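Colleague: sequence first, predicted coordinates after that:
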Amino acid sequence: MTFAELERYLLANGFELKSINGATRKYSNPASGKATMLHFHPSKEVPKGTMHAILKAAGLKGKK
């Protein structure tokens, strides 16, 4: 999964882009109160451990 695909997944699951500071993007989900950050590099693959940490922080780990 690339960073762009991960961003689309977050947005499709109710997250909203709150701020951008360089390559770092902050997202939050008003419904769940969860928040996560993504160091954005659109075409690069997300390392497996990084992806799991982001999904866990977002409360989406295990969902497809």
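Modeller: Good, I have the coordinates.

Colleague: pLDDT on the strand or helix carrying residue 49, on average?
Modeller: Using DSSP states H and E, residue 49 falls within helix 48-58. What helix 48-58 shows for mean pLDDT is 91.

Colleague: distance from that helix to the middle of the chain?
Modeller: Per CA atoms, centre = their mean, to the nearest Å, the displacement of helix 48-58 from the mean C-alpha position of its chain is 8 Å.

Colleague: give me the buried stretch members for that helix, please.
Modeller: Buried residues in helix 48-58, defined by neighbour count with 16 or more other CB atoms under 10 Å: 51, 54-55, 58. Just so you know, the C-beta spots here come from the backbone N, C-alpha and C atoms, and that holds for glycine as well.

Colleague: now, which of those residues sits nearest residue 34?
Modeller: Nearest to residue 34 among the buried residues of helix 48-58 is residue 58, at 5.4 Å by CB to CB.

Colleague: for the closest one, give its distance to residue 39.
Modeller: According to CB to CB, to the nearest Å, residue 58 stands 15 Å off from residue 39.

Colleague: where do the strands of the chain begin and end?
Modeller: 16-21, 24-28, 35-39 (DSSP state E).

Colleague: which one of those lies nearest to residue 3?
Modeller: Nearest to residue 3, of all the strands of the chain, is strand 35-39, at 6.7 Å by CB to CB.

Colleague: average pLDDT across the closest one?
Modeller: 91.
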